[in-house]
Each structure stands twice: as structure tokens, then as C-alpha cells.
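1. Task: produce atomic coordinates for the following.
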Amino acid sequence: MVQCSDKSLYTGITNNLEKRLRQHNGEITGGAFYTQNKRPVTLVYKEKYKTHLEAARREAEIKKWKRERKLKLLSI
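-> Residues are numbered from 1 along each chain as shown. This next block holds a predicted model:
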């Protein structure tokens, strides 16, 4: 999960975290459309999973949450 410059939170999955952060920050091509006008982004939370399916399921779960619940996750 990254926090954007406007303090919004963006959740996604990747198998290369450093590269994905560089993409979201516009250092290399790629990155989510959502983060393009909200740079810089800062990594605030991460979890690791063995399979893409597990990660995708967790991403979908977190994306359904309201901001307050995501903030509670960050305070762990």
C-alpha cells in the first residue's frame, strides 16, 4: 500500500516492489493511472504471499475497506 502526495491510499500487488514503486513515481514507464497525478508515492505497508492468487485475493479484500480500516492496518 502506498500513500500518495494527497494523502490518499493506493493498494496493489507486484512481484517486484522496488520496480513498481519507481513506476508509480514516474521514474520508469508503467504505474497505475491513479497515482500519475498524485506523486510522489511512499510505501506505507506491505505483505508477502507465496502465490499471485493469494496476493490478488488479499488486495481485493483490502480494496473493499473504507479508509479508516486501512489506517488501522497501517498502525499495526
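
2. Which residue ranges of the protein form strands?
-> 2-3, 9-10, 42-43 (DSSP state E).

3. which one of the ones you listed lies closest to residue 49?
-> Smallest distance to residue 49 across the strands of the chain (CB to CB): 16.5 Å, for strand 42-43. In short, each C-beta sits where N, CA and C put it, glycine included.

4. who touches that closest one?
-> 1-3, 17, 21 (CB atoms under 8 Å, 6 or more residues apart in numbering).

5. Now with 7 Å, please.
-> For strand 42-43, the surrounding residues in contact (CB atoms under 7 Å, 6 or more residues apart in numbering) are 2-3, 21.

6. so how far is it off the chain centroid?
-> 8 Å (CA atoms, centre = their mean, to the nearest Å).

7. Would you mind pulling up the elements that the lengthiest helix in the chain packs against?
-> Longest helix in the chain by number of residues (criterion: DSSP state H): helix 52-64. When contacts are defined as 3 or more CB pairs under 7 Å, 6 or more residues apart in numbering; DSSP states H and E, helix 52-64 sits against none of the other helices and strands.
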